[in-house]
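Novice: Give me a 3D structure for the following:
(2 chains)
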Amino acid sequence: MKKIRTAAAVLLAALALPACSTANPMGTSTSSASTDSVVVGSANFPENELLADIYAGALKAKGVTVTTKLNIGSRETYVPALKSGEINVLPEYTGSFALYLNKAADVADEAKALASLKAGLPDTLTALDPSKAQDKDSVAVTAETAAKYNLKAIGDLAPVASQLVLGGPPEWPSRANGVPGLASVYGVTFKEFKPLDVAGPLTVTALKNGQVQAANLFTTDPAIKANKFVVLDDPKSLFGAQNVIPVVTKAKASPTVTAALNAVSAKLDTDTLATLVTKVVVDKADAATVANDWLKANGLA
Amino acid sequence: MNLLWAYLSDPAHWQGGAGIPARLGQHLAYSGVTLLIAAAIGVPLGLWIGHTGRGRLLVVNLVNGMRSVPTLGLLFVAVLVIGPRLQGDLAFLAPAIFVLVVLAVPPILAGAYAGVDEVDPQARDAARAMGMTSAQVLFGVELPCALPLLFGGLRSAALQVVATATIAASVSVGGLGRLLIDGQATRDYGQMAAGALLVALLALAVDLAFALVQRLVVSPGLAPARRRAPQIPEPAAQAA
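Specialist: Next up is the predicted model:
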């Protein structure tokens, strides 16, 4: 009997522990007034996690209490959490986020994308300063495919796309600047769409080995250079301008938080970002370490 | 609940290559092929081990160890290793089937092995004493007697495979997992709930189908429900 009771107590304690630890960051009422405390989130691809680590490191250096919730999922998954305050800070991309908020948003250049984003943001969120760093979605093909069909821009795919398979993240068929955008803007309709991962190893392998002939990759992806993939031009700006920008819960955007994140944006450009992503993805360095090293080198931590 | 109903009642979701019937068909096809391959490996191996007693320790421990392999992790490794050697859709399908077979072999093998191992030694001795060859003992006595446990293994493998075949969707293959993965990526809870419900229903239906086949195939004298009741009066009846 005693044994059973002890076992039950241990079991209860085990059940209760995780419940306690998750209750805290989820709750919006636990923020104390004296010190800033924020939850930094990220999407489910390495660059975004790295950016979240950079934001987290910069905030910690300014004395902000930071909890991280990385690798959450696609924009469709994390934005509701951002709106409800479960996460407070997230690295976003101006054009894609603007299009998520409003499918008709104009994101043709950097200024328009930023304006569209600010116009579309719900009242509870605010966008801080955008950085110069851009990471766009792209349609990439292998060098052989590009040579075979003489492809330079996405529009060149229109006559041959019906024979080709496109690969991308599972959310692409419903994204305004995903599969529907390719059809409406460029008249490109593929034979089939293959749902893979978010521009990760699965997508790269599938493109390299011909399971898909075109794939959605990010322009900062080191795999593009490594495999001599050809990124097709986007003259009609389907993917628009995609500056990295911190999106923050308005209630948490204190002067300290704002200053720390804007300082990061001021130092970040596309080449820097691509170099840091390469360190994480190719050299398999720890993202948090890469983030902290860069912050220290730039006097931000 | 409303989301689930809204998804299931939309006729658009019941048509075409991405419709529920097509996904259901793919799911059944993957599961069926997996079970056939796994049975072709597990049943003969299990019968042989049970019959001869050879390699019992090695194979049974090895195969039980396979149960602890994380299927999702193995799937990604398999796709990145096997995938590049294959052409077309097979590059994703073959690794998915492979990991499902790895998942399905242990329960089938254990069922077959344990079934033969549990056969009453007196029945086996009697068969030998009547001059049956080793093969005759195996197929005439041991296999029929092993069927209830063998089916137990097949059924538990079928349940696991039907439920786990959903992960194939994470490497672009079809099946009901598509509803879960795509629903998650686009935060479509109705779609996810529909996928989960359909997988659960399919697993139950498959188990039921196996139960019916088992009832038809297994000798009535071995049926577990009937065996238990007359167990005590049996010797008396035989003596009379």
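Novice: Mind listing what's buried along stretch A:56-76?
Specialist: Across stretch A:56-76, burial judged by 16 or more other C-beta atoms under 10 Å in any protein chain shown covers A:56-62, A:64, A:66, A:68-70, A:72-76. Quick note: C-beta positions are derived from backbone N, CA and C, even for glycine.
Novice: From one end of it to the other, what's the distance?
Specialist: Start-to-end span of stretch A:56-76 (C-alpha to C-alpha, to the nearest Å) is 22 Å.
Novice: That stretch near chain B at all?
Specialist: Yes: contact of stretch A:56-76 with chain B (C-beta under 8 Å from any C-beta of the partner chain) involves A:73-74, A:76.
Novice: ok, back up a step: which of the buried residues of stretch A:56-76 fall in helices?
Specialist: Using DSSP state H, the members of the buried residues of stretch A:56-76 that fall in helices are A:56-61, A:75-76.
Novice: So in chain B, where's the weakest helix or strand by average pLDDT?
Specialist: helix B:234-239 (a mean of 48; mean pLDDT, DSSP states H and E).
Novice: Now do A:Ala61 against chain B, distance only.
Specialist: Distance of A:Ala61 to chain B, given as C-beta to the nearest C-beta, to the nearest Å: 34 Å.
Novice: Excluding chain neighbours, what is closest to that residue?
Specialist: Ranked by C-beta to C-beta, 6 or more residues apart in numbering or on different chains and with sequence neighbours excluded, the top spatial neighbour of A:Ala61 is A:Ala301, at 3.9 Å.
Novice: and what of A:Asn71?
Specialist: A:Asn44 (5.0 Å).
Novice: Output stretch A:114-133 as PDB - backbone C-alpha positions only.
Specialist: The C-alpha coordinates for stretch A:114-133 follow below in PDB (Å, rounded to 0.1, in the frame of the first residue of the first chain):
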ATOM      1  CA  LEU A 114       7.400  48.000 -45.100                       C
ATOM      2  CA  ALA A 115       4.400  50.400 -45.500                       C
ATOM      3  CA  SER A 116       2.100  47.400 -46.300                       C
ATOM      4  CA  LEU A 117       3.400  45.500 -43.300                       C
ATOM      5  CA  LYS A 118       2.800  48.500 -40.900                       C
ATOM      6  CA  ALA A 119      -0.700  49.000 -42.400                       C
ATOM      7  CA  GLY A 120      -1.600  45.400 -42.000                       C
ATOM      8  CA  LEU A 121      -0.400  44.800 -38.500                       C
ATOM      9  CA  PRO A 122      -3.000  44.200 -35.800                       C
ATOM     10  CA  ASP A 123      -3.200  46.800 -33.000                       C
ATOM     11  CA  THR A 124      -1.400  44.500 -30.500                       C
ATOM     12  CA  LEU A 125       1.700  44.200 -32.600                       C
ATOM     13  CA  THR A 126       4.400  46.600 -33.700                       C
ATOM     14  CA  ALA A 127       7.200  46.400 -36.200                       C
ATOM     15  CA  LEU A 128      10.500  47.900 -35.200                       C
ATOM     16  CA  ASP A 129      13.300  49.100 -37.600                       C
ATOM     17  CA  PRO A 130      13.800  46.900 -40.600                       C
ATOM     18  CA  SER A 131      17.400  45.700 -41.300                       C
ATOM     19  CA  LYS A 132      19.100  45.900 -44.700                       C
ATOM     20  CA  ALA A 133      19.400  42.100 -44.700                       C
END
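Novice: Give me the residues contacting it.
Specialist: The contact list for stretch A:114-133, computed with C-beta atoms under 8 Å, 6 or more residues apart in numbering or on different chains, reads A:82-83, A:85, A:92, A:94-95, A:97-98, A:101-102, A:105-107, A:110, A:241, A:243-251, A:253, A:258, A:261-262, A:264-270, A:272-273.
Novice: Residues of chain A that sit close to chain B?
Specialist: So chain A meets chain B at A:73-74, A:76-77, A:80, A:167, A:169-171, A:173-174, A:194-197, A:201-202, A:205-206, A:208-211 (C-beta under 8 Å from any C-beta).
Novice: Could you give me the PyMOL syntax to select whichever of those residues are buried?
Specialist: Per 16+ other C-beta under 10 Å, the buried members of these correspond to this PyMOL selection:
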select buried, chain A and resi 73+74+76+77+167+169+170+171+173+194+195+196+197+202+205+206+208+209+211
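Novice: on that earlier part again, please list all residues in contact with the residue nearest to A:Asn71.
Specialist: A:71-74, A:198.
Novice: now do A:Glu76
Specialist: Counted by C-beta under 8 Å, 6+ apart, A:Glu76 has contacts A:100, A:171, B:185-187.
Novice: 6 Å instead?
Specialist: Neighbour list for A:Glu76: A:171, B:186-187 [criterion: C-beta atoms under 6 Å, 6 or more residues apart in numbering or on different chains].
Novice: now, among the residues of stretch A:56-76 next to chain B, which is nearest to B:Ser219?
Specialist: A:Gly73 (52.5 Å; C-beta to C-beta).
Novice: Contacts only, for that closest one.
Specialist: A:Asn44.
Novice: okay, it: pLDDT?
Specialist: The per-residue pLDDT reported for A:Gly73 equals 90.
Novice: what about it, distance to A:Val185?
Specialist: 26 Å (C-beta to C-beta, to the nearest Å).
Novice: returning to that earlier point: now, which of the contacts of stretch A:114-133 lie within strands?
Specialist: A:92, A:244-249 (DSSP state E).
Novice: Look up the closest residue to the closest residue to chain B within the stretch 1-150 of chain A, ignoring the ones flanking it.
Specialist: As assessed by C-beta to the nearest C-beta, chain B sits closest to A:Glu76 within the stretch 1-150 of chain A, at 4.1 Å. Using C-beta to C-beta, 6+ apart and skipping residues adjacent in sequence, the residue nearest A:Glu76 is B:Arg187, 4.1 Å away.
Novice: my guess is that neighbour contacts A:Thr77, does it?
Specialist: Yes: the pair B:Arg187 / A:Thr77 is scored as a contact, 5.3 Å apart, by C-beta atoms under 6 Å.
Novice: ok, B:Val218 to B:Leu138 distance?
Specialist: 17 Å.
Novice: let me redo that: A:Trp294
Specialist: On the measure of C-beta to C-beta, A:Trp294 and B:Leu138 end up 68 Å apart.
Novice: Quick one: low-confidence residue ranges for chain A.
Specialist: Residues of chain A that meet the criterion pLDDT under 70 lie in A:1-35.
Novice: okay, now the domains of it?
Specialist: Following automatic domain parsing, chain A resolves into domains at A:37-134+A:241-297, A:137-231.
Novice: any chance of these in a markdown table, with distance to B:Ser31 too?
Specialist: Shown next, in a markdown table, are the domains of chain A (distance: least, C-beta to C-beta, whole Å):
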| stretch | distance to B:Ser31 |
| --- | --- |
| domain A:37-134+A:241-297 | 27 |
| domain A:137-231 | 20 |
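Novice: Could you point out which of these sits nearest B:Ala91?
Specialist: domain A:137-231 (5.1 Å).
Novice: all helices for the chain, in order.
Specialist: I'll assume chain A. A:2-26, A:46-61, A:75-84, A:94-101, A:110-120, A:143-149, A:179-186, A:201-209, A:222-226, A:255-267, A:270-281, A:287-297.
Novice: let's do chain B instead
Specialist: B:2-9, B:20-52, B:56-66, B:71-82, B:90-117, B:121-129, B:134-136, B:143-164, B:177-185, B:189-217, B:224-228, B:234-239.
Novice: before we move on, back to that, which one of the domains of chain A lies nearest to B:Gly88?
Specialist: domain A:137-231 (6.6 Å).
Novice: So what's the gap between stretch B:11-29 and the chain middle?
Specialist: 22 Å (C-alpha atoms, centre = their mean, to the nearest Å).
Novice: Contacts for that stretch, please.
Specialist: Taking C-beta under 6 Å, 6+ apart as the rule, stretch B:11-29 contacts B:165, B:174-176, B:178.
Novice: Kindly report the same for stretch A:260-279.
Specialist: A:47, A:50, A:54, A:58-59, A:62, A:128-129, A:131-134, A:220, A:222, A:246, A:285, A:290, A:298, A:300.
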